[in-house]
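K.L.:
Would you be able to build a 3D model of this:
(one chain, ligands or ions: 1)
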Amino acid sequence: MTRPTLIEHIRTTERLHPGATGELSRILARLSLAGRMIAQRLLNAGFLGEHGETGIVNVQGERVQKLDELADATFVRVFESLGSVCAVASEERAKIHAFDDDESKAGKYCVLFDPLDGSGNIDINGSLGSIFSVHQRMDVERPVSEADFLQRGDAQVAAGYILYGPSTVFVYTAGDDGPVNGFTLDRSIGEFFLTHADIQMPAGGGAYSVNESNEGQWDEKTKELVASFRQGRAPVGKRAARYTGALVADFHRTLLQGGIFLYPGLVDRPRGKLRYLYEAAPLAKIAERAGGAASDGSRRTLELEPTELHERCPLFVGSRGDVEYAVESLR
Ligand code: AFP
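P.N.:
Now for the predicted structure:
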């Protein structure tokens, strides 16, 4: 039997919600289009002169790679004139980007993305990803503003990511109680097919995933927590250390095999490195919908209230037992 394509799956799901207007379906379809376009671009970038830096430093103080810029432009382009999306926010941009055609101005959705996550892996042909989050605009009567984007993670109407690894995988969840489904791109025909239906994060086992070179920047409780994973003293026992430098790749492994990914606060950066709206909140929604958990070390990630577009937060995400153990250890 042929597997459902991503678009067929989205339409089938839409029919289960009688009041649905089809707008969210179109947004998800456009996100998958961006994923296919970026995946294709990554394939040939090495010999088209598209590796390397642009010479620009972004709002995060990070050096922008040419592919960061290309991926960002791709995500913006797919939502231009769609009508349902009034504005987008990108990890690469200081401010939101509002669309100015009349239909878009009335659009009820805001889309946020980290267009190319793990860009340090570009030059080594390592895994990369894109992360996205969809929110409903707070008030369609007012012109869209940054305030429409500063919403808690539990208000997301959809969230997901695209992993560009040996194959390209699109993983998403929609609604308050939707499952997490994964689709793999058949490059020969440019179509995503359902390969991972209703993903459930294993309750135990799996690796622990953290940049251990930051140890000197952790507080004593964090040092002890990571040592307990390394030495097999955590409840689940001995496990491997795995860290790729691309959050999407580390998260995807954690989602499928269980375990924990952590990016704790650092002495000189108490909020750590990861961005709440573009990274932590969407992955927290996926984790919870797959039976896992996500915390900033004391609070549920999805309940944090962002006050800035590029706000950072510590992230502990993975199998529920591991995350609860981490929170307990840090108390
Ligand atoms: P870049 O996209 O700037 O490479 O950042 C990647 C990332 O946000 C996330 O994907 C990684 O998990 C994390 O940073 C790696 O950060 P460290 O290099 O500090 O471990």
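
K.L.:
Check whether the longest helix along the chain comes near the ligand.
P.N.:
Secondary structure of the chain per DSSP state H: the longest helix is helix 23-44. No - no part of helix 23-44 sits close enough to the ligand to count as contact by CB under 6 Å from any ligand atom; the gap is at least 13.6 Å. Just so you know, the C-beta spots here come from the backbone N, C-alpha and C atoms, and that holds for glycine as well.

K.L.:
buried ones in that helix?
P.N.:
The neighbour-count criterion (16 or more other CB atoms under 10 Å) identifies 23-32, 34-39, 41-42 as the buried residues of helix 23-44.

K.L.:
thought Gly107 was touching Ala98?
P.N.:
No - with contact defined as CB atoms under 8 Å, Gly107 does not reach Ala98; the gap is 9.7 Å.

K.L.:
Looking only at neighbour counts, state which of these two leads.
P.N.:
A direct count of neighbours by other CB atoms under 10 Å for Gly107 and Ala98 places Gly107 higher, at 23 against 17.

K.L.:
okay, the residue positioned nearest the centre of the chain: pLDDT?
P.N.:
If you average the C-alpha coordinates of the chain and look for the closest C-alpha using CA atoms, centre = their mean, you land on Ile131, 3.2 Å from that point. According to the prediction, Ile131 has pLDDT 98.

K.L.:
Who is it paired with across the strands?
P.N.:
Under DSSP bridges, the beta-bridge partners of Ile131 are Asp114, Tyr161.

K.L.:
ok, so what distance separates it from the ligand?
P.N.:
Here the criterion is CB to the nearest ligand atom, to the nearest Å. By it, Ile131 lies 9 Å from the ligand.

K.L.:
likewise Arg275?
P.N.:
Taking CB to the nearest ligand atom as the measure, Arg275 and the ligand are separated by 8 Å.

K.L.:
Thr13 too?
P.N.:
With the distance defined as CB to the nearest ligand atom, Thr13 ends up 29 Å from the ligand.

K.L.:
go on, Arg15?
P.N.:
Taken as CB to the nearest ligand atom, the spacing of Arg15 relative to the ligand amounts to 36 Å.

K.L.:
now Ile38
P.N.:
Here the criterion is CB to the nearest ligand atom. By it, Ile38 lies 14 Å from the ligand.

K.L.:
residues touching that residue, list them.
P.N.:
By CB atoms under 8 Å, 6 or more residues apart in numbering, the contact list for Ile38 reads 70-71, 74, 115-116, 130, 162, 164.

K.L.:
of all these, which two lie farthest apart?
P.N.:
Considering CB to CB, no two members of the contacts of Ile38 lie farther apart than Leu70 and Ile162, which are separated by 14.4 Å.

K.L.:
Get me the contact residues on the stretch 201-331 of the chain for the ligand.
P.N.:
Residues of the stretch 201-331 of the chain lying near the ligand (CB under 6 Å from any ligand atom): 211, 245-247, 273-274.

K.L.:
which residues of the protein fall in helices?
P.N.:
In order along the chain, the chain carries the following helices (DSSP H): 6-15, 23-44, 66-79, 102-105, 220-230, 247-257, 281-289, 320-330.

K.L.:
close enough to count as contact, Ser228 and Leu330?
P.N.:
No - in this structure, Ser228 is not within contact of Leu330 by CB under 8 Å, at 11.6 Å.

K.L.:
And the residue nearest to the centre of the chain, how far from Glu92?
P.N.:
12 Å (CB to CB, to the nearest Å).

K.L.:
swap in Thr21?
P.N.:
Summarising the geometry, the distance separating Thr21 from Glu92, computed by CB to CB, is 30 Å.

K.L.:
Tell me which of the two has more neighbours.
P.N.:
Under the criterion of other CB under 10 Å, the comparison of Thr21 against Glu92 puts Glu92 first, with 24 against 11.

K.L.:
Distance of that one relative to Lys285?
P.N.:
22 Å.

K.L.:
same check, this time on Val169
P.N.:
Separation of Val169 from Lys285 (CB to CB) stands at 17 Å.

K.L.:
Looking at these two, which one has more neighbours?
P.N.:
Between Val169 and Lys285, counted using other CB under 10 Å, Lys285 has the larger neighbour count: 28 against 23.

K.L.:
pLDDT wise, what is that one at?
P.N.:
The predicted structure lists Lys285 with a pLDDT of 98.

K.L.:
next one: Asp198
P.N.:
pLDDT, read off for Asp198, is 98.

K.L.:
Got phi/psi on the closest residue to it other than its chain neighbours?
P.N.:
Take Asp198 and drop its neighbours on the chain: the residue closest to it by CB to CB, 6 or more residues apart in numbering is Pro179, 4.3 Å away. With angles defined as degrees, to the nearest 10, Pro179 sits at phi -70, psi 170.
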